[in-house]
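Engineer: Got a sequence here, can you build the structure:
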Amino acid sequence: MSLAVEILNRYKAEGRMIATAESCTGGMVSAALTDIAGSSAVVERGFVTYTNLAKQQMLGVKAATLEAVGAVSEGVAREMASGALANSAAQVAVSITGIAGPGGSDHKPEGRVCFGIVTEAGYLHTETIEFGALGRDMVRAAARDHALALLLSAP
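Structural biologist: Numbers count the residues shown, from 1 in each chain. So this is what the prediction gives:
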C-alpha cells in the first residue's frame with residue numbers, strides 16, 4: 001500500500017481533512033494525494049505559494065519573518081502550515097519550503113528543505129532536512145515523500 005493510500009485511509013477513518021502549503025514542491029504533495037480516487041474525502045485544499053508575496057498574501061507569513069530568517073527556514077515553514085490551517089476547513093496542515101536546485105549558497109545549500117506540520121488540536125512540529133545536491137527532481141520527490149511521512153505520523 002502506498003504512503004498516500006495509507007494517509008487517505010487513516011484520515012478518512014478519523015474524519016480529518018488535510019491542507020497543504022507548498023513552495024519548492026509546487027503542489028506535488030497535493031498531487032500525490034489527489035491521484036487517488038476518493039481523496040476528496042480527505043484533501044481539503046492545497047496552496048502553492050512559490051513567491052514570498054504569495055506566502056504573505058495566501059498564508060499570512062509575516063514580512064518580518066521572511067526578512068529575519070528567509071523563506072527557507074523553519075520559521076517560515078511554521079507560519080505556512082499555521083496559515084494553511086487558518087485559511088482552510090482542514091484539521092491538519094503540512095508545509096514545505098526549500099531549495100530544490102540547481103543552486104543554493106553556502107548559507108542555504110541546494111537540497112535544504114524545511115517542513116512544518118500543525119493540527120487543530122495544537123500539535124506543531126517543524127524540521128529541516130538536508131537532502132543534499134541530488135538534483136532538482138530528486139530533491140522535490142524526497143521532499144514530497146517526507147511531507148507525506150509527516151502527515152502519516154501526525155497525532
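
Engineer: now for the helix or strand that contains residue 84, which elements pack on it?
Structural biologist: Element membership for residue 84, per DSSP states H and E: helix 74-86. Under the contact criterion of 3 or more CB pairs under 8 Å, 6 or more residues apart in numbering; DSSP states H and E, helix 74-86 touches strand 18-22, strand 43-48, helix 52-59, helix 63-69, strand 92-98, strand 112-119, strand 124-130. To be clear about C-beta, it is placed using only N, CA and C from the backbone, and glycine gets the same treatment.

Engineer: Can you list the buried residues in stretch 32-46?
Structural biologist: 32, 33, 34, 39, 42, 43, 44, 45, 46 (16 or more other CB atoms under 10 Å).

Engineer: Bridged to the residue most central in space within the chain, which residues?
Structural biologist: In the chain, the C-alpha nearest the mean C-alpha coordinate belongs to residue 95, at 2.2 Å (CA atoms, centre = their mean). For residue 95, the beta-bridge partners are residue 21, residue 116 (DSSP bridges).

Engineer: Okay, it and residue 102: tell me how far apart.
Structural biologist: Separation of residue 95 from residue 102 (CB to CB, to the nearest Å) stands at 23 Å.

Engineer: Skip the chain neighbours and tell me the closest residue to residue 120.
Structural biologist: Sequence neighbours aside, residue 91 is the residue nearest to residue 120 in space, at 4.7 Å (criterion: CB to CB, 6 or more residues apart in numbering).

Engineer: Distance check, that neighbour against residue 116.
Structural biologist: Counting by CB to CB, the gap from residue 91 to residue 116 is 15 Å.

Engineer: Tell me which of the two has more neighbours.
Structural biologist: For residue 91 and residue 116, the more surrounded residue by other CB atoms under 10 Å is residue 116, and the numbers stand at 28 against 19.
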